[in-house]
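In: Task: produce atomic coordinates for the following.
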Amino acid sequence: MAFGSFDNRNSGSALSEINMVPLIDVMLVLLVIFLITAPLLSHSIKIQLPQATSEPVQQDPKTIDLAIDAEGQIFVNEQPVAMEDLTATLAPYSKDEPQPELRIRADTETRYETLAQVMSRSKASGLTRLGFITRPGPTTKVAGQDGEAKDGAATQQEAEPAPGQ
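Out: Numbers count the residues shown, from 1 in each chain. Just a heads-up that it's a prediction; the model follows:
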């Protein structure tokens, strides 16, 4: 049984052969893509990387603790300071190298106006590193058994019985 013959006797029968033209087209496209991308993969920039020692640098991080209580009184490193004197008190710290971080601890009842003034005066003194100290609390909402959103602390207390029970 010949698939491709010059014989015209069975011209009405279907030819069973694979058309190779689309496969050759795909192969040529892939060949062109690989010819273009292969040189790009081998080019690299040669640089001299610096060598580092594995010993950590012993440097104490310097911090300034600034506390504000509910009445608006300001304490710098546990020493009371008036709002008017805050810029002058913090100015010498701004000249230190590396510059220390100002850590602000504010009472939850502290007015926002007081915090804004403290931040403004610390910037005026030349300090650029500022951080807030907060206490982590259960602020996530957890869906209860009835589908109602509850506070995370209340859910934890309901799940764990008290030590005396």
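
In: Relative to the whole chain's centre, how far out is the helix ranked longest in the chain?
Out: The longest helix of the chain (DSSP state H) is helix 21-42. Relative to the centre of its chain, helix 21-42 is centred 40 Å away, using C-alpha atoms, centre = their mean, to the nearest Å.

In: With stretch 93-105 instead?
Out: On C-alpha atoms, centre = their mean, the centre of stretch 93-105 falls 24 Å from that of its chain.

In: any weak-confidence spans in the chain?
Out: Applying pLDDT under 70 to the chain flags residues 1-13, 15, 43-44, 56-59, 139-165.

In: so which strand or helix has the residue sitting nearest the centre point of the chain?
Out: With distances taken as C-alpha atoms, centre = their mean, the residue of the chain nearest its centroid is Gly131 (17.0 Å). Using DSSP states H and E, Gly131 falls within strand 130-132.

In: Each with direction, which strands does that strand pair with?
Out: Strand pairing for strand 130-132, using DSSP bridges, gives strand 101-106 (parallel).

In: Just after the strand it pairs with, pick out the following helix or strand.
Out: Next element after strand 101-106 (DSSP H and E): helix 112-124.

In: Going by neighbour count, list what's buried in stretch 116-132.
Out: By 16 or more other C-beta atoms under 10 Å, the buried positions in stretch 116-132 come out as Gln117, Val118, Arg121, Ser122, Ser125, Leu127. Any C-beta I mention is one placed from the backbone N, CA and C, and that applies to glycine too.

In: Equivalent analysis for stretch 84-101, please.
Out: Within stretch 84-101, the residues that count as buried by 16+ other C-beta under 10 Å are Leu86, Thr87, Thr89, Leu90, Tyr93, Ser94, Pro100, Glu101.
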